[in-house]
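Participant: Turn this into a model:
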Amino acid sequence: MPTAPGGWFETARFGLFVHYGLYSLAARHEWVRSREAMSQAEYDRYLERFDPDLFDARQLARAAREAGMRYAVLTAKHHDGFCLFDSSLTDYTSVRAAGRDLVAEFAEAMRAEGLRVGLYYSLLDWHHPGFPVDEHHPLRGSAGGRETADLAGYRTYMRGQIAELLTGYGDVDLLFFDFTYPGMGPEQWGATELMETVRELRPGILVNDRLGIPGDYVTPEQYQPDRPLERDGVPVPWEACHTLNGSWGYDRDNHDYKDPSQLVRMLVQSVSCGGNLILNVGPDGRGSLDHRARETLRAIAGWSARHARSVHGAGPSSFQPPANALYTQAGHRLYLHLLAWPLRHLHLPGLAGRVRYAQLLHDGSEITFHETDGARHEHNNLAPPSQPPGTLTLTLPTARPDVLLPVIELFLESAELDS
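Facilitator: Reported below is the predicted structural model:
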């Protein structure tokens, strides 16, 4: 698997996913049409009322940048087949429904804030007459189901739409296909030919792994890897894909939100294992983020404003962190993220003689350190016992800093140490 072109992906580390479409009006999950086996006529009640009057791409881009995100991905087309861009191949678009090319607005706004632009494109399409009525299709088992599929015609349609997206919206940095499943795989998608089209139109673009053939990065979804991901023993770029509350599209009655501190820990864990995290928001039916999503992004922004360099441009470290902690590293700077706040002393294996300065990252206040002298403990119960050779002991303030995740920045003696 190739390394990400230019290295921007590994440097960015944190991205925003945006799922928006007709399903946002239903407010019952992005799979609502399939889950409720709606006919096209039933689903079209959302098309008739689609009005993204509160969709503000510029505001969304600012919130993403302030949260520390460095790229963003929008659902140009989801499984229902509705397109948020102007397509000459279908009338089933936001342009025809509401006079808004949301992909164009999104791409312009993200670039204006310095974010890389990514587009999501579903390989499924429940609106297209050539797509087979399979186990995921809303018409499965119904009298109105189609008897035959025209996959050749559908492949041509997909290639045409991908060409529209990659030639009509400036430099698209990333393409997120979704998804391959039993019975619908690389042969059905024409994956090799589709990838050739993408590479020809945008040679430097990043493409994920969901066409069923190797891509530039892999996409674990709704779980958190606890070690670097490899293929044939070689580390590969990856991106953990997560929601705020378990739903990608707006789900009004789902209140199972993750706490911002948990999301920051997930981000750091991704970076510590050599990966990225992309965090999804699902705007409501009018295109606005609900208050929980806005509050979450603001909370993460508060942390990122003072801790960004422990994430951006950082990656795994070969040093072994102590219990309840994670390391990330950028050159000669080692970042210790404390999942639990210890009482006064924290012992760092293997770092004795290797650290020249330490500070709390959020305020730049010095942290003192020493190598523990076990002999002092034998004569004084107030002194900590000795640690294994090579251990460095930090002396921390008693009170935990009031940040989502405390970080100690350790300056190593040599820029060559495990960088």
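Participant: which regions of the stretch 251-400 of the chain lie under the pLDDT threshold?
Facilitator: Residues of the stretch 251-400 of the chain meeting the criterion pLDDT under 70: 373-384.
Participant: The same query, at a cut-off of 90, please.
Facilitator: Under the criterion pLDDT under 90, the flagged ranges of the stretch 251-400 of the chain are 371-387.
Participant: Quick one: the helices in it, in order.
Facilitator: For the stretch 251-400 of the chain, helices defined by DSSP state H, counting those that start in this stretch occupy the ranges 260-272, 291-307, 374-379.
Participant: what's the most buried one of these?
Facilitator: Highest mean neighbour count among the helices of the stretch 251-400 of the chain (mean count of other CB atoms under 10 Å): helix 260-272, with a mean of 22. Backbone N, C-alpha and C define where each C-beta goes, glycine included.
Participant: which helices and strands does it pack with?
Facilitator: In terms of contacts (3 or more CB pairs under 8 Å, 6 or more residues apart in numbering; DSSP states H and E), helix 260-272 is packed against strand 239-242, strand 276-281, helix 291-307, strand 325-330, strand 333-338.
Participant: Please list the residues outside the last one that contact it.
Facilitator: By CB atoms under 8 Å, 6 or more residues apart in numbering, the list of residues contacting strand 333-338 from outside reads 265, 268, 272, 309-310, 314, 317, 319, 321, 324-329, 346, 348, 351, 355, 361, 405-412.
Participant: at 7 Å what do you get?
Facilitator: 268, 310, 314, 317, 319, 321, 325-329, 405-412 (CB atoms under 7 Å, 6 or more residues apart in numbering).
Participant: so that strand versus helix 260-272, what angle?
Facilitator: In terms of direction (axes from the mean of the first three to the mean of the last three CA atoms, to 10 degrees), strand 333-338 departs from helix 260-272 by 140 degrees.
Participant: what's the angle from strand 333-338 to strand 325-330?
Facilitator: 160 degrees.
Participant: Pairing partners for L74 in the sheet, please.
Facilitator: Under DSSP bridges, the beta-bridge partners of L74 are V18, L119.
Participant: Just give the number of residues close to it.
Facilitator: For L74, the neighbour count with other CB atoms under 10 Å is 24.
Participant: cool, G141 as well?
Facilitator: The local packing of G141 (other CB under 10 Å) involves 9 other residues.
Participant: so S24 sits in a strand?
Facilitator: No. Counting by DSSP: H, G, I helix; E, B strand; the rest coil, S24 is not part of a strand but helix.
Participant: what sits against W189?
Facilitator: Contacts of W189 by CB under 7 Å, 6+ apart are 123, 155, 211-212.
Participant: which stretches of the stretch 1-150 of the chain form strands?
Facilitator: 14-18, 71-77, 116-122 (DSSP state E, counting those that start in this stretch).
Participant: same question, the stretch 151-300 of the chain
Facilitator: 174-178, 206-207, 230-231, 234-235, 239-242, 276-281.
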